[in-house]
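K.L.:
Structure of the sequence below:
(chains A, B and C)
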Amino acid sequence: MIFGIDVASMALGGMAAGMILFIVSVGLSVTMGLMGFVNLAHGAFAMVGGYVIVHAMKSWGLPFVPALATGCLIIAAASIVLERLLYTRLYRAPELDQVLFTIGLVFITIAAVTVLVGPENQPLTLPSWLQGQVDLGFTTYRTYSIALIVVGSALALGLWLGFERTRLGAQIRATVDNRRMAEAVGINIDRLFTLTFAVGSGIAALGGGLGAEFLGLDPQYPLKYLVYFLIVVAVGGLGRIAGVFCAALLIGVLDFVLKKYLPQGGTLFIYALTILLLLWRPQGLFGKAS
Amino acid sequence: MLSNKMIAAVAGLALAAGAAQAQEVKVGVVLPYTGIGAEFAQLADRGMELYLKLNAEAVKPYTIKIIKRDAKNPGGADAKIATQELLTQDKVDALAGWIYSPNAIASAPIVAAGKKLAVIMNAGSLAAFQRGFEINGGKVIDAIPMGGAGAVPDFTPFFQRVKDQKPDVFFVFVPAGDHAAAIVKTYGALGMRAAGIKLIGPGDITQDTKLQAMGEAAVGLITVHHYHADLDNPENKRFVAAWKQQFGADSTPDFMSVGAYDGMAAIVHAIQATKGKMDGAAAVKSLEGWKFNSPRGPIVVDPATRDIIMNEYLSEVVMVNGRLHQKVIGQIDQVKDVCKAEKIGPCAPK
Amino acid sequence: MSGVASRPTEHPAALALAHRHRLRVWEATPWLIALAVYFAFPTYLAFATEVLITILFAISLDLALGYAGIVTLGHAVFFGVGAYTVGILAKQGLWSEPITGLILAGGAAALIGLASGRVLLRTSGLTLLMLTLCTMALFEEAANMAAELTGGFDGPVNTRLVTCYVISAAIAGIAGGLWAQANAYVNLSTLSLDRAATVLIILVLGGHGRLYGAFVGALAYMTLSHFLSQLYPTAWQLGLGLLLVIIALFARNGICGLGETLLRRINRKAAAS
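P.N.:
Numbering: from 1, shown residues only, chains lettered A, B, ... in the order given. I've put the predicted structure just below:
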């Protein structure tokens, strides 16, 4: 019985952590897969989104959920402007120039946030209905973790349906698989890119707000967690929603279990696991072999 | 004739400049102004600034010029270069700051060679606590190293493991900073208090700047530390009031700010004692046995170790009018650093 | 990138070798600048040493990235191995002669490069990037894990790629050894992601696959951040970020690439008139 509770609590805790990784990383996976654009500034969108959400709650007095929506929309809108003005100029550039550009953007964001808001961590206070614990029948667990699992799963399902069942999703899949062919059959690539970029950034902003309880919010955010976002994308396979979802859950749960039973190992296992997975499947769990 | 006059004029200027320079004392400050330590750097920076503002009289007739350098990261190399350039290019009279130990270690040979006063503004306390705990009959049943931040720095797995072992007391030591609030929130969210597990630790986990963000879960938390913003002494009242006026009502000083405040006070004392000359050996000598009424209570610099002797406060977090406060429930006067006195932890002989 | 590597005649390294490099007068300038710094600004010696070591490190990365197309985010592992080799030998009192110490540092790094290269270089793109990064992270946390892991995997790897990688590793190791000698201490920062990412940015900023890209990149990046951080310690990254963004937007292949484009334009104009 004790063992059962233990397994349940580990699964739940790990899944909650994995959901945050999924929500923040999914946009990165799609932009990298769809546009072949290495957007290392993706975490900056998540961070600024988180800041907007905290600000919306503190200064505009919005409740948690409307604040999340506001942050998501503002970042999506802002990302359209950035995409049209700057990113689009680099779509055909070599990947390394894209790396240079997006790391430059990260530096600018870090400095700007430090000057405008300050270097300190931004506290996000959860509403009381998300605090404390909830009885699930078989075990009692942290309410917020359960909420994250529900929201993350719903989002994953929604994105997956959108990907598999809508016209837009079909266009994106076609472009990920064969861009030239997609252009040839008359898909408006430019509009598709802008739209996907905006959705990915908006979801990242949502992740910034939802994940603040665990990841915190401070100017270093985009660099601090970049490696984890990249691991999830690489392990999942570029441009694969289901892949990102499974990779994020896998990393989240394993990290949780290993931290609990082998705390001395630190983050060692995550790196070892990533190496093994990538050597086994270089295209990622769900990626197509090229 | 003309050239003679010009030389006289130039000489006059040089003299005036020389006199002005004698009045100005340059203090080089090496702190991680960017990167993960930026928040601490800001707190320390403000502590120094506030000392100079509140004690303008103590500084006279000298003026202090602070030259800030970014230590950037804990790698050591940038801090070392910054320290070296402060000494060789800016010709500073005293040095202060650091925070990251690799930076302090890397800079140490240069500071020693520069023969200037150097004030390190913070120190850790884990070994000391464990020692005190065990001497007094406690038993550590499990020490869980939490390592660096994992994929998601979620403390739930560690805390779950603690909860399973049902200890009476759960002692947490984390470097102050972002994790403090996460620790207390996780403690609350897992219902550990209801399970009869008391959370205690050094004041790092109730760092003033993070306290309000912890909410209800922090009530009842017991910590030992040398400073928190709710200490009841006139020096601290003045310090906190001035801080809030300067940096906003929501802002609060913490132990880092007080460390910097006291560090600046020490430098000013050394300046007065050496009549602005700031010769390294004389400056250090003048600080041996130096007494100061700090916001953290009276402090003395131990002439033997050059370390600080100060009060330690046992405090409990209470809720007053919807805001969290730290109430002092016990006090140990004039504590020497156990680490150095007993040669344990990082001070153990190697 | 694997496609490029498989056709030797179009390979950047082959092209670079085919195009014989003729020394020109202006190429003496960097060395003159280096000499001048030594005599004119003795108080900048510590900073100048750091810049020189970074240039060497960036050149080593250029061998892997610019000439063999290996995009890696784990190059600091070789820097770190070199630094630790020198550090540990000196600390144990085994070896303190500096020149041979550097050779040992380069040798140790080359061995690691050979072992990891044979396994990792079968992949490319993001996968290779993450593999090199994670390998470095493993080294950072437990130095002996990597050897166990890599022993079991073997596969056909392009030998020329591995050769390039091993030479590159050796030079990176020498750079790390120099760093340890110059600083008289070694710590984990020598094999951190921070160092690996910075050197990659420096090389791309300067221009990869070019003789002077590493030189220009390191000088521009480090001088700008050094002096900006003196002026504005809390927000100097803003200026650095702007430089990266502007170069990425307006130049192809870094500052050197920009210089070449401009030179070509001037030449064309001169020829036209």
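K.L.:
quick one: low-confidence ranges for chain C?
P.N.:
C:1-23, C:142-157 (pLDDT under 70).
K.L.:
any chance you could map the helices in it?
P.N.:
C:2-6, C:12-18, C:29-40, C:45-65, C:76-91, C:98-120, C:125-141, C:145-151, C:159-183, C:193-206, C:213-231, C:237-250, C:254-272 (DSSP state H).
K.L.:
Find the helix or strand that residue A:26 is a member of.
P.N.:
helix A:2-35 (DSSP states H and E).
K.L.:
So for that helix, what gets flagged as buried?
P.N.:
A:9-35 (16 or more other C-beta atoms under 10 Å in any protein chain shown). (C-beta placed from N, C-alpha, C; glycine too.)
K.L.:
Please list which of the residues you listed also come close to chain B.
P.N.:
With C-beta under 8 Å from any C-beta of the partner chain as the criterion, the buried residues of helix A:2-35 include A:9, A:10, A:13, A:16, A:17, A:20, A:21 near chain B.
K.L.:
What ranges does the stretch 151-300 of chain B have for its strands?
P.N.:
Using DSSP state E, counting those that start in this stretch, the strands of the stretch 151-300 of chain B run over B:169-171, B:198-202, B:222-225, B:291-294, B:297-301.
K.L.:
Buried residues, the fourth one. List them.
P.N.:
Applying a neighbour-count criterion of 16+ other C-beta under 10 Å, one finds B:292, B:294 buried in strand B:291-294.
K.L.:
Off-centre distance for it?
P.N.:
Strand B:291-294 has its C-alpha centroid displaced from the chain centroid by 15 Å (C-alpha atoms, centre = their mean, to the nearest Å).
K.L.:
partners of it in the sheet?
P.N.:
Here strand B:291-294 is paired, per DSSP bridges, with strand B:297-301 (antiparallel).
K.L.:
which element follows the strand it pairs with toward the C-terminus?
P.N.:
strand B:308-320.
K.L.:
wait, does that following strand make contact with chain A?
P.N.:
No - applying C-beta under 8 Å from any C-beta, one finds strand B:308-320 separated from chain A by no less than 14.8 Å.
K.L.:
ok, the very next helix or strand once past that strand: who's next to it in the sheet?
P.N.:
Counting by DSSP H and E, the element after strand B:308-320 in chain order, helix or strand, is strand B:323-335. Looking at strand B:323-335 with DSSP bridges, its partner strands are strand B:308-320 (antiparallel).
K.L.:
Let's see the strand it pairs with as PDB, backbone CA atoms only.
P.N.:
Taking C-alpha atoms only, strand B:308-320 is exported to PDB below (Å, rounded to 0.1, in the frame of the first residue of the first chain):
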ATOM      1  CA  ILE B 308      33.200  39.100  13.000                       C
ATOM      2  CA  ILE B 309      31.700  38.500  16.400                       C
ATOM      3  CA  MET B 310      28.000  39.100  16.400                       C
ATOM      4  CA  ASN B 311      24.600  38.200  17.900                       C
ATOM      5  CA  GLU B 312      22.600  35.300  16.600                       C
ATOM      6  CA  TYR B 313      18.900  35.600  16.700                       C
ATOM      7  CA  LEU B 314      16.400  32.700  17.000                       C
ATOM      8  CA  SER B 315      13.200  33.900  15.300                       C
ATOM      9  CA  GLU B 316       9.800  32.600  14.500                       C
ATOM     10  CA  VAL B 317       7.700  33.700  11.600                       C
ATOM     11  CA  VAL B 318       4.300  35.100  12.600                       C
ATOM     12  CA  MET B 319       1.500  36.800  10.700                       C
ATOM     13  CA  VAL B 320       0.600  40.300  11.700                       C
END
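K.L.:
Show me what counts as buried in that strand.
P.N.:
Neighbour-count burial for strand B:308-320 [16+ other C-beta under 10 Å]: B:308, B:309, B:310, B:311, B:312, B:313, B:315, B:316, B:317, B:318.
K.L.:
for the stretch 51-200 of chain B, what are the low-confidence residue spans?
P.N.:
Looking along the stretch 51-200 of chain B with the criterion set at pLDDT under 70, you get B:101, B:122-154, B:174-179.
K.L.:
What ranges does it have for its helices?
P.N.:
B:56-59, B:77-88, B:101-114, B:126-135, B:156-165, B:178-189 (DSSP state H, counting those that start in this stretch).
K.L.:
ok, and what's touching the second one?
P.N.:
Residues lying outside helix B:77-88 but in contact with it, judged by C-beta atoms under 8 Å, 6 or more residues apart in numbering or on different chains, are B:28, B:30, B:67, B:69-72, B:92, B:95, B:98, B:100, B:103-104, B:106-107, B:110-111, B:114, B:116, C:43-44, C:46-47, C:50, C:179, C:183, C:189, C:226.
K.L.:
Nice, that's everything, thank you.
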